[in-house]
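J.: Fold the following, please.
(chains A and B)
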Protein chains: 2
Amino acid sequence: MSFDKAFQKKIALVEQGIADYLRDSSPQEQELSQAVAWALSGGGKRVRPVLTLAFVELFGAADSAMPFALAVELIHSYSLVHDDLPCMDNADTRRGKPSVHKQFGETIALLTGDILLTDAFGMLTAAPLPANAIVSACQILAESSGARGGMISGQVFEWLCEKAGNVSDEDLQKVCEGKTAALLEAACMLGVLAGGGDDELLLLAKTYARGIGLAFQMVDDIFDLEEDKAAGRSTFATLWGIEKTRRAAHELTAQALKALDVFKGDKSFLAGLAQWLLSRDS
Amino acid sequence: MSFDKAFQKKIALVEQGIADYLRDSSPQEQELSQAVAWALSGGGKRVRPVLTLAFVELFGAADSAMPFALAVELIHSYSLVHDDLPCMDNADTRRGKPSVHKQFGETIALLTGDILLTDAFGMLTAAPLPANAIVSACQILAESSGARGGMISGQVFEWLCEKAGNVSDEDLQKVCEGKTAALLEAACMLGVLAGGGDDELLLLAKTYARGIGLAFQMVDDIFDLEEDKAAGRSTFATLWGIEKTRRAAHELTAQALKALDVFKGDKSFLAGLAQWLLSRDS
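T.: Below you'll find the predicted structure:
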């Protein structure tokens, strides 16, 4: 199967999982239910849950990992809803349509984020997997989403850097590791957990995720600079220039690919995904 | 030991647990760390975690339940922080001091709530208990906090009732079951889970919690009416009058006490707590 076809197939599986969640687990109140559906729709490439499914596939049975994959996507979606709120980025739109608070008001948007975050952890317990794996998944997901090196650390650190004005390489890397890499790491590690992989494989999955996460951000920063969208912000590309940033992204992608070596099974999709993130058009 | 002394002792255990959490698991960023401590301090009677500890005591070893008890308190605290936000109740104070967003700003308050909610689920995994018990705790906590009969349902339903203006007995009960009873139920059930209790005991703990939760709300509503603080709001006391509300609170407390019958061990503290909630002065 070509990479594109395999990608589309996995995206379709995730979309089906999200549709099932919305059908079975939607809030009782209609407005809230619509807001949760809004937050989860129009969802781009679903890279995080696709990564979970791709990693568990290296071990065989993929169905058992769907609750883990969806949990990661719920966390990602909650973070976007809360990030868009007026007290954070105050974003009126998200992927070309009104953000949740623009469409449903701030109260519903706040609660929608809270629901998605809560349901992410509830979702983990639905996985038809050994209890030990679910407990480990819960721990990894909480850490990667939290305020000690996780997603919230990245958000608050970015916010503090913006207030302070002066941003170093290390600052940028810390923001990116928190905001982007941490949840990608959880996505990959949860796939390995669902597949029954050991600690060595968990660590390698984390290395892969970190590599593609940082590379992804660097490629983004290059686009923003080329398209004049980096106005006033410090990014890898504004700090390093385009050539150095591009070299760093290639180096990180190479590290990610190398981390796949020890895994058995067909790694072509994961290798393809790392390449795709590096060379995508926008 | 007198009820008061036993209560104080359990509160002190919870305070110690919270201090340990703040020392070991605080966010890396100082402002966020201070806001989390602020949200968790000055904490009243810590009824929810005390209930978790009281239930596990019926089975023996209590230490193992501390992470479960703290997880419930983190959920409770997150709900207060987000509830106080301008887009929700817009409350400037909480227990006589500035609310988190008044003290630290809305951005930090939003993230503080998100951290507490995230850490609650991470905290569960620290319990030295069988993985099965942790997975069940995660499921119960997510349900009781969520939007299908849980805490968020209660919040959003109350908000919808206030918008609509017209509130029935059933509406009030639904709000109270969500906002107040659901998390108390989780607190009690997590104690039973930590003690290794079976499904029958889990259900009885839930019945006890529902009884004391609704009775607690009714007693509160009586105070508010007597002190003229119910202005414009529909409460059990404004709908039913004081006498009928008091009778209902007594009846619910009797149901709660009855639910304790099947438990072995010393139930005097849990009985005392139900009585205390019914007859407290304010």
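
J.: contacts and neighbour counts: CA atoms only from here.
T.: OK.

J.: what does the stretch 1-150 of chain A have sitting close to chain B?
T.: Contacts of the stretch 1-150 of chain A with chain B, taken as CA under 8 Å from any CA of the partner chain, map to A:25-29, A:82, A:87-88, A:106-107, A:110-111, A:114-115, A:117-119, A:121-122, A:125, A:131-132, A:134-136, A:138-139, A:141-143, A:145-149.

J.: try it again with 7 Å
T.: A:27-28, A:87-88, A:106-107, A:115, A:118-119, A:121-122, A:125, A:131-132, A:134-135, A:138-139, A:142, A:146-148 (CA under 7 Å from any CA of the partner chain).

J.: buried ones in the longest helix belonging to chain A?
T.: In chain A, with assignment by DSSP state H, the single longest helix is helix A:199-226. Using 16 or more other CA atoms under 10 Å in any protein chain shown as the test for burial, helix A:199-226 gives A:201-225.

J.: List the buried residues in the worst-scoring helix or strand of chain A on mean pLDDT.
T.: Ranked by mean pLDDT, DSSP states H and E, the helix or strand of chain A with the weakest confidence is helix A:151-164, at a mean of 87. Residues A:Met151, A:Ile152, A:Ser153, A:Gly154, A:Gln155, A:Val156, A:Phe157, A:Glu158, A:Trp159, A:Cys161 are the ones in helix A:151-164 that count as buried (16+ other CA under 10 Å).

J.: Can you tell me how far the fifth one is from B:Ile75?
T.: What that stands for is A:Gln155. Distance check for A:Gln155 against B:Ile75: by CA to CA, to the nearest Å, it reads 21 Å.

J.: now do the third one
T.: When distances are taken as CA to CA, A:Ser153 and B:Ile75 turn out to be 20 Å apart.

J.: What of A:Asp220?
T.: From A:Asp220 over to B:Ile75 (counting by CA to CA), the distance is 36 Å.

J.: Strands along the stretch 51-200 of chain A, start to end?
T.: A:93-94, A:97-98 (DSSP state E, counting those that start in this stretch).

J.: could the ones you listed go into TSV alongside mean neighbour count and mean pLDDT?
T.: Below are these laid out as TSV (neighbours: other CA atoms under 10 Å in any protein chain shown; pLDDT from 0 to 100):
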stretch	mean neighbour count	mean pLDDT
strand A:93-94	14	94
strand A:97-98	13	96
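
J.: Tell me which residues are up against stretch A:2-15.
T.: With contact meaning CA atoms under 7 Å, 6 or more residues apart in numbering or on different chains, stretch A:2-15 is reached by A:Lys45, A:Arg46, A:Pro49, A:Val50, A:Phe269, A:Gly272.

J.: burial count for the closest residue to the third one other than its chain neighbours?
T.: In other words, A:Pro49. Nearest non-adjacent residue to A:Pro49, counting by CA to CA, 6 or more residues apart in numbering or on different chains: A:Ala69, 4.2 Å away. Residues lying near A:Ala69 (other CA atoms under 10 Å in any protein chain shown) number 31.

J.: low-confidence ranges in the stretch 151-282 of chain A?
T.: Low-confidence segments of the stretch 151-282 of chain A (pLDDT under 70): A:281-282.

J.: Close to chain B: what parts of it are there?
T.: Counting by CA under 7 Å from any CA, no residue of the stretch 151-282 of chain A is near chain B.

J.: residues of stretch A:31-39 that come out buried?
T.: Here stretch A:31-39 shows A:Leu32, A:Ser33, A:Gln34, A:Ala35, A:Val36, A:Ala37, A:Trp38, A:Ala39 as buried, counting by 16+ other CA under 10 Å.

J.: cool, and stretch A:87-95?
T.: For stretch A:87-95, a neighbour-count test (16+ other CA under 10 Å) marks A:Met88, A:Ala91, A:Asp92 as buried.

J.: List the residues that contact A:Ala126.
T.: Counted by CA under 7 Å, 6+ apart, A:Ala126 has contacts A:Pro67.

J.: Mind pulling up the pLDDT for it?
T.: We have a pLDDT of 97 for A:Ala126.

J.: tell me the phi and psi of it?
T.: phi -80, psi -10 (degrees, to the nearest 10).

J.: Export the buried residues of stretch A:87-95 as CSV, with columns for pLDDT.
T.: Listed next are the buried residues of stretch A:87-95 as CSV, based on pLDDT from 0 to 100:
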residue, pLDDT
A:Met88, 92
A:Ala91, 95
A:Asp92, 96
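
J.: Next, count neighbours for A:Ser2.
T.: 9.

J.: where's it relative to B:Asp220, distance?
T.: A:Ser2 is 64 Å from B:Asp220, where distance means CA to CA.

J.: same thing with A:Asp24?
T.: Distance from A:Asp24 to B:Asp220, by CA to CA: 36 Å.

J.: for A:Leu184, same thing?
T.: 46 Å.

J.: ok, back up a step: you'd agree the residue nearest to A:Pro49 is up against A:Thr52?
T.: Yes: A:Ala69 is in contact with A:Thr52 according to CA atoms under 7 Å; the separation is 5.3 Å.
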